[in-house]
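# Turn this into a structure:
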Amino acid sequence: MELYAREKYLKKIRAFYHSEDIIKVITGVRRCGKSSIMALIADELRAAGIPEDRIITLNLDKRPYHHIKTADALEKTIAEKTKAADLNYLFIDEIQNVKGFESVLNGFREDGRHSIFITGSNSYLLSGELITKLTGRYIEFEIFPLTFEEYEHMKAFYGIQSDSNPQSELQNYILEGGFPRAVRIETLEDKRTYTQNVVKEILEKDIRQRIKIRNKESFETIRRYLIGNFGATTSINNLHHDLRKNGQTISRQTLTRYIRALVDAQVLYECDRFDMKSRKSIAGEKKYYLSDLSFYFTLNTDNRINDGPVLENIIYLYARSMGSAVSIGRIGKLECDFIMRDPTMRYAYVQVAYTIAPSKETEDREYRPLERISDNYPKYVVTTDYLLQQRSGINHVNMMDFMMRENRF
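Residues are numbered from 1 along each chain as shown. Next up, the predicted model:
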């Protein structure tokens, strides 16, 4: 089947297609589309005239390469498949399956005959020896599940009909999630079954096989709490107190380790709070957003949508997919939903709400934090409203229209 080209990522990687001195590391939560990105890169190389014998592809999760678990076996396989004296293009899926892969990759990088692309399902890939041995010799490209505009474009690409009402279509996206394979699954029930299996795979391969979870009850409680309360301010100290109050004996260190496991597996993304007056991060206060909203709806029994955190999650992932760093801003007693910094170091301030139409009080609540910011960087109120207004030089934009234009903030 022809693959949908995720151009927002491909255009970031193209400049490095032929760079034999830099390893291209493609990361992201399981099933977000990393393997497809590598396949699309290989297709572009073929279209550019690169012969097939110079394109080497190894998926270490699948036959015939799933048996490769050691550095020696990996090195032997790559050497056997390297036929051309010219530059070869090496694509390896799930490289973290091989213990000691870092030295092997560095050896092939140093010989100058391989442009190397690797994927990993979690940030364990970028820990330990990869950092120490390859610092400055790799570049990371983080892939996310489909954002709203990609979801719409992918449906059109595969001839899947969308709802003509943009707000209804946004609700479809929220309930179905953004895993690329799920788009081509027909019913919501079957999409949920698929997502449930993705969750099980992540818990087994990316968490339980990598860290020791001695207190399974506490880990499940923490997982349910953070996924069930995504987008809410979370204090480690308060969560630790609540667990102990409910009879679950767990050290603060273990609690932190369990949360880190969910972040490392990229089930959750951690968003720090930033005090805009002191220009410092606020210790101990964070929000956690889901790598895909389907995690919440798959693990909960109802489909009721809490507009605030859901829309924040969508905007957070959209900004991250565009390459922006994101934090939460505090301005005295007020809070700015997001401070965003794009790759060109351009800032933007963003408030997110379902609507500001109901009352002047609602409008004031969203505009007031932005009006307190004294610099001249762009400020946005993002809603699902189509009747837009301007106030104090702040841009009021419709969420669906803005994302479909693929603008940067």
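# Using PDB, write out the CA atom coordinates for the strand or helix carrying Tyr89.
Assigning secondary structure by DSSP states H and E places Tyr89 in strand 88-93. Written as PDB, here are the backbone C-alpha positions of strand 88-93 (Å, rounded to 0.1, in the frame of the first residue of the first chain):
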ATOM      1  CA  ASN A  88      25.300   3.100   1.400                       C
ATOM      2  CA  TYR A  89      22.000   4.000   3.200                       C
ATOM      3  CA  LEU A  90      21.500   2.000   6.300                       C
ATOM      4  CA  PHE A  91      18.000   1.900   7.900                       C
ATOM      5  CA  ILE A  92      17.600   0.000  11.200                       C
ATOM      6  CA  ASP A  93      14.300  -0.300  13.000                       C
END
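# Packing partners of it?
Here strand 88-93 touches helix 34-47, strand 55-59, strand 114-120, going by 3 or more CB pairs under 8 Å, 6 or more residues apart in numbering; DSSP states H and E. Yep, even glycine has a C-beta here, placed from its N, CA and C like the rest.
# Show me how far the first one is from its chain's centre.
I take that to be helix 34-47. 20 Å (CA atoms, centre = their mean, to the nearest Å).
# Tell me where the model's unsure across the stretch 1-150 of the chain.
In the predicted model, the stretch 1-150 of the chain carries pLDDT under 70 at residues 121-132.
# Can you list phi and psi of the closest residue to Phe148 other than its chain neighbours for me?
Spatial nearest neighbour of Phe148, chain neighbours left out: Met403 (4.9 Å); criterion: CB to CB, 6 or more residues apart in numbering. Met403 has phi and psi values of phi -70, psi -30 when expressed as degrees, to the nearest 10.
# Count the residues that sit near Met403.
23 (other CB atoms under 10 Å).
# Repeat that for Arg365.
With other CB under 10 Å as criterion, Arg365 counts 14.
# ok, now Ser19?
When neighbours are defined as other CB under 10 Å, Ser19 has 14 of them.
# need the contact list for it.
Contact partners of Ser19, counting by CB atoms under 8 Å, 6 or more residues apart in numbering, are Ser115.
# ok, it to Phe117 distance?
10 Å (CB to CB, to the nearest Å).
# What are the contacting residues of the strand holding Tyr89?
Residues contacting strand 88-93 (CB under 8 Å, 6+ apart): 17, 34-35, 38, 41-42, 45, 50, 54-62, 78, 82, 108, 113-119.
# now that strand against strand 114-120, angle please.
Interaxial angle of strand 88-93 relative to strand 114-120 (axes from the mean of the first three to the mean of the last three CA atoms, to 10 degrees): 10 degrees.
# quick one: strand 88-93 to chain centroid distance?
On CA atoms, centre = their mean, the centre of strand 88-93 falls 23 Å from that of its chain.
# For it, which residues meet the burial criterion?
88-93 (16 or more other CB atoms under 10 Å).
# And the strands in the stretch 251-400 of the chain?
Along the stretch 251-400 of the chain, counting by DSSP state E, counting those that start in this stretch, strands occupy 268-275, 280-290, 325-331, 334-341, 347-352, 379-383, 395-398.
# ok, of those, where does mean pLDDT dip lowest?
Note on those: strand 280-290 shows the lowest mean pLDDT, a mean of 81.
# ok so, going back, could you figure out how far the strand holding Tyr89 is turned away from strand 55-59?
10 degrees.
# What strands line up against strand 88-93, and which way round?
Note on strand 88-93: by DSSP bridges, its sheet partners are strand 55-59 (parallel), strand 114-120 (parallel).
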